[in-house]
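> Dropping the sequence and predicted coords here.
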Number of protein chains: 2
Amino acid sequence: MSLIVQKYGGSSLADLDKIRLVASRVKKCRDEGHELVVVVSAMGKTTDQLISLAKSLNPFPPERELDMLLSTGEQVSISLLSIALSSLGVSSVSLTGGQAGIITTDTYTKAKIFHIDTRRIKDLLLKHQVVIVAGFQGRTPQGDITTLGRGGSDVTACALAAALSADFCEIYTDVQGVFTADPHLVPQAKKIARLSYEEMSEMATLGAKVLQPRAVDFSQAYGVRVHVRSTFSEREGTWVEEINSMEEVRVKAITHSGDMLKIVLLGVPNQPGVAAQIFKALSDFSVFIDMIIQSEGREDYKDLAFVASREDEEKVRKAIACLEKELSFQGMKFDETMSRVSLVGAGIASSPNIAYRMFNALARAGINIDMISTSNSRISCLIPRDLMEEAVKVLHEEFIMQEVRLNEEV
Amino acid sequence: MSLIVQKYGGSSLADLDKIRLVASRVKKCRDEGHELVVVVSAMGKTTDQLISLAKSLNPFPPERELDMLLSTGEQVSISLLSIALSSLGVSSVSLTGGQAGIITTDTYTKAKIFHIDTRRIKDLLLKHQVVIVAGFQGRTPQGDITTLGRGGSDVTACALAAALSADFCEIYTDVQGVFTADPHLVPQAKKIARLSYEEMSEMATLGAKVLQPRAVDFSQAYGVRVHVRSTFSEREGTWVEEINSMEEVRVKAITHSGDMLKIVLLGVPNQPGVAAQIFKALSDFSVFIDMIIQSEGREDYKDLAFVASREDEEKVRKAIACLEKELSFQGMKFDETMSRVSLVGAGIASSPNIAYRMFNALARAGINIDMISTSNSRISCLIPRDLMEEAVKVLHEEFIMQEVRLNEEV
């Protein structure tokens, strides 16, 4: 008998038939004798609909009130799932985030969990109840309702699995698992059987939407094994877990993002502290900067290029507007025609041969590289968006298909 | 400066435009310098929609989970109203029933308030916040969400007004106040300026839907003045308050209900305790019995007739089915063609002249009376439903219009 935390996302709960299907999956797992904590998101597009209601009353709704509103979405899901389970003869109790003991900071709309009081959940598990917990939400020590930001239900599930020392955490979604590349672009893309936390974290940060990066970090910190799999299939998905570092360094997946924005600040004074000043301003507006290049330029001035997500464009412009009051630079350019392709695999950045093969494969395909960035587990290249799809195919052939032909398992 | 509790019902919050209207009424009251606690119901038909979702998953949803589900309706309303107020520059804080300190029994779907911890509300009022409270809901001492039953938002408002010693409680609705008869039946019906708690309680019990009977009882017990008025008009509505009993005994209103069910149990053994047994069975199924007649009949058997609301028909049948196991009776009749007309006015039942005028007026109109019941403040007659409308008109002319011609105020 295992203790399992399951999480079902909004697309798995989009209508009453899907809720019935989830209930029957929960029953099946229960019938196998496992103890279960089930974390659910709001049904389908509920959260977006509630946000749009709020914004039509006030373009800048108070964040505490927005959390009060949004948290109803998951509350509807937990009660309906419990009601569906009761009709299958499965006894369950639903809990809001606050009732489940998820205590957070009071930074509304993006609260951080700082404690989970698991007494209520443990007590219900002892009474052989399936415990259904509203994802994405918690409460402040004072009792006010908070939400954890987009993808917060993943965080709830992984944090609960950690706090309860669950055997593993299952993330149910509408895809079969994590793939070696987006199957829409690369039809031969393979499901990945195992990923390390670090690889999953890189992929999540690079835009693979199956698992929230904060959720991965939680799992890694507490050693929770995570199984990303489909609600609509019995097949195994992708396991995210500690992987023996003695294994060979290998590219696990090719990721891409077509929504990159390249910003160049021209003629920035060449003096110490300027770069720090620029990136302080950007981080004040919560802009995540991926790549940075400082040109050599003239002796007294240089150009500075960096890359952000296009959805942050407004924040970038605000940050630069603030910056202009303190720092004189001679101009700027915004380039919205760029995309990013990345290789992901533990340790690959320290393997010069992989970087060489990547640049070479892109060059053979006539694709020019504008900027490069690396971390321990990935190498990313900025390239023109109209060549992105071709780049992903070329890299998938080079790094995945050739391996697959040698070795069955990815 | 007064402390006012306002309550807005679902029809006053049916869409975003109506929420904006309510926000502007709240702002106006606030601008006049009053302290405000605003209790809201779920938007429009939300509660019914949620119940139907639950029932399509399970015809008998667990009541705890139903309350978890239904309470989201008011939670959406409080947050949207707070968001609308913020766009008018009015600072407010929304609270769920539990956060507002409304502590109830754990009798889900029909919980009773047993304590209100007003500290959070008082603290917010001291900080000059408008406090918006979700009606219809509370929490158990353990922290589980409960609902107070149909019309529960009225109970929340009147109970909060009592606990906070508010100057008065305003019940906003889609009608102008309480009328001397249903204006749909009697176009000359007048708005009543003042009613005693007892009169309002009788009217509510008899089916006038403007105010929940339990809410009236709360107000009476704590001496809270209640003002029933329209959300969509500035005019005064009906005040419900302590009325000097030295005033003359007078008929205040004619009420009617077309949905009555008359049940006759035939040949019930004529022995002590049988009637008690029957009514115990009915009360076990929460059937409210209005009128009872025991026939003289033969020495060893008698017939027993009683009247219930037609919506309780299923419960009545279940109660009788249970009863049949313990008690032999020779048959039963269900008559669904009956209706009830009533006179309401403090002390009228003790004024024989009023009863006489009532029976006489009905007789003159050729309307036969099947059964009669009285309480301190009302006289009710069971009559055929096809004569109900005529009966209401005749009684309104006899008791209201003749008075109005003598006296401006009703």
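Structure's in. What do you need?
> show me the contacts for A:D31.
Listed by CB atoms under 8 Å, 6 or more residues apart in numbering or on different chains, the contact set of A:D31 is empty. Yep, even glycine has a C-beta here, placed from its N, CA and C like the rest.
> Next: A:V216.
Listed by CB under 8 Å, 6+ apart, the contact set of A:V216 reads A:C158, A:Y197, A:M200, A:S201, A:A204, A:V226, A:V240.
> So it: helix, strand or coil?
Of the three states, A:V216 takes helix under DSSP: H, G, I helix; E, B strand; the rest coil.
> picking that back up, and the contacts of A:V216 as a markdown table, adding distance to chain B, secondary structure and pLDDT?
Converted to a markdown table, the contacts of A:V216 look like this (distance: CB to the nearest CB, whole Å; DSSP: H, G, I helix; E, B strand; the rest coil; pLDDT from 0 to 100):
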| residue | distance to chain B | secondary structure | pLDDT |
| --- | --- | --- | --- |
| A:C158 | 24 | helix | 96 |
| A:Y197 | 34 | helix | 92 |
| A:M200 | 33 | helix | 92 |
| A:S201 | 34 | helix | 88 |
| A:A204 | 30 | helix | 82 |
| A:V226 | 28 | strand | 96 |
| A:V240 | 32 | strand | 95 |
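> which of the residues you listed has the most neighbours?
Using other CB atoms under 10 Å in any protein chain shown as the neighbour criterion, A:V240 leads the contacts of A:V216 with 34 neighbours.
> My guess is it contacts A:S219. True?
Yes. Using CB atoms under 8 Å, A:V240 is in contact with A:S219, at 6.7 Å.
> Might you enumerate the residues of the stretch 101-250 of chain A proximal to chain B?
Counting by CB under 8 Å from any CB of the partner chain, the stretch 101-250 of chain A comes close to chain B at A:G143, A:D144, A:I145.
> Chain B: which of these is nearest?
A:G143 (5.8 Å; CB to the nearest CB).
> Contacts only, for the closest one.
For A:G143, the contact set (CB under 8 Å, 6+ apart) comprises A:G98, B:Q99.
> try 10 Å this time
A:G98, B:L95, B:T96, B:G98, B:Q99, B:R120, B:G143 (CB atoms under 10 Å, 6 or more residues apart in numbering or on different chains).
> same question for the strand or helix carrying A:E65, mean pLDDT?
In this assignment (DSSP states H and E), A:E65 forms part of helix A:63-87. Averaged over helix A:63-87, pLDDT sits at 98.
> buried ones in it?
A:63-86 (16 or more other CB atoms under 10 Å in any protein chain shown).
> try stretch A:145-158
Applying 16+ other CB under 10 Å to stretch A:145-158 flags A:I145, A:T146, A:T147, A:L148, A:G151, A:G152, A:S153, A:D154, A:V155, A:T156, A:A157, A:C158 as buried.
> Report the distance from it to the chain centre.
Chain-centre distance of stretch A:145-158: 11 Å, with CA atoms, centre = their mean, to the nearest Å.
> just stretch A:378-396 next, same as before
For stretch A:378-396, the separation from the chain centroid amounts to 21 Å (computed by CA atoms, centre = their mean).
> wouldn't A:L57 be in contact with B:R20 here?
Yes. Using CB atoms under 10 Å as the test, A:L57 is close enough to B:R20 to be in contact (7.1 Å).
> quick one: common contacting residues for these two?
Both A:L57 and B:R20 are contacted by B:L80, B:L81, B:A84, B:L85, B:S87, under the criterion CB under 10 Å, 6+ apart.
> Same list (the residues you listed) but as TSV, adding distance to B:L261.
Shown next, in TSV, are the shared contacts of A:L57 and B:R20 (distance: CB to CB, whole Å):
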residue	distance to B:L261
B:L80	40
B:L81	40
B:A84	44
B:L85	46
B:S87	50
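> among those residues, which are in reach of chain A?
Counting by CB under 10 Å from any CB of the partner chain, B:L80, B:L81, B:A84, B:L85, B:S87 from these sit close to chain A.
> Can you mark which positions in the helix or strand encompassing A:K27 are buried?
In this assignment (DSSP H and E), A:K27 forms part of helix A:16-31. Residues of helix A:16-31 classed as buried: A:K18, A:I19, A:R20, A:L21, A:V22, A:A23, A:R25, A:V26, A:K27, A:C29, A:R30 (neighbour count, 16+ other CB under 10 Å).
> Over to stretch A:126-135?
Under the neighbour-count criterion of 16+ other CB under 10 Å, stretch A:126-135 has A:Q129, A:V130, A:V131, A:I132, A:V133, A:A134, A:G135 buried.
> before we move on, the earlier item: highest neighbour count among the contacts of A:G143?
Among the contacts of A:G143, B:T96 has the most neighbours (other CB under 10 Å), with 26 neighbours.
> how close does that residue sit to B:G347?
42 Å (CB to CB, to the nearest Å).
> for the residue most central in space within chain A, what are its contacts?
Nearest to the mean C-alpha position of chain A, by CA atoms, centre = their mean, lies A:Q212 at 2.7 Å. Under the criterion of CB under 10 Å, 6+ apart, the neighbours of A:Q212 are A:148-158, A:171, A:204-205, A:218.
> ok so, going back, establish whether the next helix or strand after the helix holding A:E65 and chain B are in contact.
The helix or strand immediately downstream of helix A:63-87 is strand A:92-95, counting by DSSP H and E. Yes. Using CB under 10 Å from any CB, we find that strand A:92-95 touches chain B at A:S92, A:V93, A:S94, A:L95.
> isn't the first one right up against A:I83?
Looking back up the chat, that one is A:S92. Yes. Applying CB under 10 Å, one finds A:S92 in contact with A:I83, separated by 9.2 Å.
> can you list residues touching both of those two?
Common neighbours of A:S92 and A:I83, counting by CB under 10 Å, 6+ apart, are A:A23, B:P62, B:E65.
> and which of the residues you listed is nearest B:S41?
Checking the shared contacts of A:S92 and A:I83 against B:S41 with CB to CB, the nearest one is B:E65 at 20.7 Å.
> In contact with the closest one, which residues are there?
B:E65 is in contact with A:78-86, A:92-94, A:132, B:54, B:57-58, B:108, B:145, counting by CB under 10 Å, 6+ apart.
> Same question for A:E389.
The neighbourhood of A:E389, defined by CB under 10 Å, 6+ apart, consists of A:D182, A:H184, A:L185, A:V186, A:H256, A:G258, A:S339, A:V341.
> Those in strands, which ones?
Of the contacts of A:E389, the ones assigned to strands by DSSP state E are A:H256, A:G258, A:S339, A:V341.
> Next, format these as TSV and append distance to A:Q277 and pLDDT.
Listed next are those as TSV, based on distance: CB to CB, whole Å; pLDDT from 0 to 100:
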residue	distance to A:Q277	pLDDT
A:H256	32	92
A:G258	31	88
A:S339	29	93
A:V341	31	94
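> neighbours around A:Y222, how many?
For A:Y222, the neighbour count with other CB under 10 Å is 14.
> what about the residue nearest to it when sequence neighbours are not counted, distance to B:A157?
Sequence neighbours aside, A:A162 is the residue nearest to A:Y222 in space, at 3.4 Å (criterion: CB to CB, 6 or more residues apart in numbering or on different chains). With distances taken as CB to CB, A:A162 is found 43 Å from B:A157.
> One more: A:N376?
Separation of A:N376 from B:A157 (CB to CB) stands at 60 Å.
> same check, this time on A:K28
Separation of A:K28 from B:A157 (CB to CB): 46 Å.
> In terms of helices and strands, where is A:A54?
helix A:46-57.
> Same question for that helix: list its buried residues.
By neighbour count with 16+ other CB under 10 Å, helix A:46-57 contains the buried residues A:T46, A:T47, A:L50, A:L53, A:A54, A:L57.
> and which of those is nearest to A:F285?
Distance to A:F285, by CB to CB, is smallest for A:A54 among those, at 22.2 Å.
> what about the nearest residue to that closest one once chain neighbours are set aside, is that helix, strand or coil?
Once flanking residues are discounted, A:A54 sits nearest to A:P61: 4.4 Å by CB to CB, 6+ apart. What three-state DSSP gives for A:P61 is coil.
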